[in-house]
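quick one: sequence plus predicted model below, questions after.
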Amino acid sequence: MHILRRSLLGSLWAMIGWKPAFAGEASPESAIREEASSVTPRHVLCFLGKDRDLSRLSEAAAQAIRDFADGFSVDEEYSQAEPDDRMSRSFDVCWDRVEADVWNEADEKAVADHQSVLYVLGPSMAQAETVKVSMTALRLVERLIAAGAVAVKGESAGIAHGLDRWRALIGQGAEAVKAADPLAQQRIGRLAFAKRPLSARGYLESVGFHLVGLPEVYVPETAGSERKVVAIMDAVVDEIGEQGLDPTLKARGARLSFDSTYEVDEFKFNPYGIVKLAG
């Protein structure tokens, strides 16, 4: 299935609260794990323009690709020089609700009044390259905001921030790259491009940690408030980055699962698995 078709369908599914499930009987986890080993994640970025001339954004994207974003490409099939009436609903679902004041009325109005849509596809990423590519994706967001994008959404996890928040993340990413701090880059990449928490079968889950080479984290709904659960998720992935997966699983009494909410060929499927914390 075309990556943009999957992305658009994913946004629509999120709007109506439907979560993809494995067709037919569930495959054994060992088979899913084996199939997952061949899956490589990629970024899908959505940029909204304020007028019906896509040339300014598309040319800025093309120049960024020539300058530093090797492997990225403009999607000609789904980009359009006209408004998309699904965008207000889609952004409403995707706004980050973890950080305070990450979007405002001006951001909502920009989405409602947009006149064009540009999609940019990232390259398929090996796990070792995910953080580097995600930092490049942030630079691409910076370039297109400067070129006039009025709203930006990461389709691969269904996450949107207001322009001020994007600019803050871009600045933090640039500082982490300058400092050659891979753990800081990984953290900023997941704050920019992953979404949490979402409800899933008795757990609160993350979506999109694979974009920085990490497994998802599922925390039992009984663990506390959503804010507490988010803190647990962030602590777990920080521990994985610093100590490694196996020591974190052991210390947390957790297990690695591949019983995903998403099918293996869905763009939100995490090939690195899911850290499931015990209830």
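Received it, and whenever you're ready, just let me know what you need.

so where do the helices sit in the stretch 151-279 of the chain?
163-178, 182-193, 226-243, 245-252 (DSSP state H, counting those that start in this stretch).

tell me which of the ones you listed is the most buried.
helix 182-193 (a mean of 22; mean count of other CB atoms under 10 Å). C-betas here are computed from N, CA, C, even on glycine.

which strands and helices sit next to that helix?
helix 130-146, strand 159-161, helix 163-178, helix 226-243 (3 or more CB pairs under 8 Å, 6 or more residues apart in numbering; DSSP states H and E).

hmm, back to that, any chance of CSV for the helices of the stretch 151-279 of the chain, columns mean pLDDT and distance to V117?
As requested, those are arranged in CSV below (pLDDT from 0 to 100; distance: least, CB to CB, whole Å):
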stretch, mean pLDDT, distance to V117
helix 163-178, 98, 16
helix 182-193, 98, 19
helix 226-243, 96, 30
helix 245-252, 97, 38
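
go through the ones you listed and name the closest to R42.
helix 182-193 (11.2 Å; CB to CB).

which one of the helices of the stretch 151-279 of the chain lies closest to S134?
Short answer: helix 182-193, nearest of these by CB to CB, at 3.6 Å.

from the chain's centroid, how far away is the closest one?
11 Å (CA atoms, centre = their mean, to the nearest Å).

try stretch 267-279
14 Å.

tell me which residues in that stretch are buried?
267-277 (16 or more other CB atoms under 10 Å).

again with stretch 143-154
Neighbour counts over stretch 143-154 (16+ other CB under 10 Å) mark 143-145, 147, 149-154 as buried.

specify the residue ranges that define each domain of this protein.
41-188, 195-276 (automatic domain parsing).

next, format these as CSV and append distance to R33.
Shown next, in CSV, are the domains of the chain (distance: least, CB to CB, whole Å):
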stretch, distance to R33
domain 41-188, 15
domain 195-276, 5
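
and the angle from the helix or strand hosting A64 to helix 130-146?
Taking DSSP states H and E as the definition, A64 sits inside helix 55-67. Counting by axes from the mean of the first three to the mean of the last three CA atoms, to 10 degrees, helix 55-67 points 150 degrees away from the direction of helix 130-146.

understood, closing this out.
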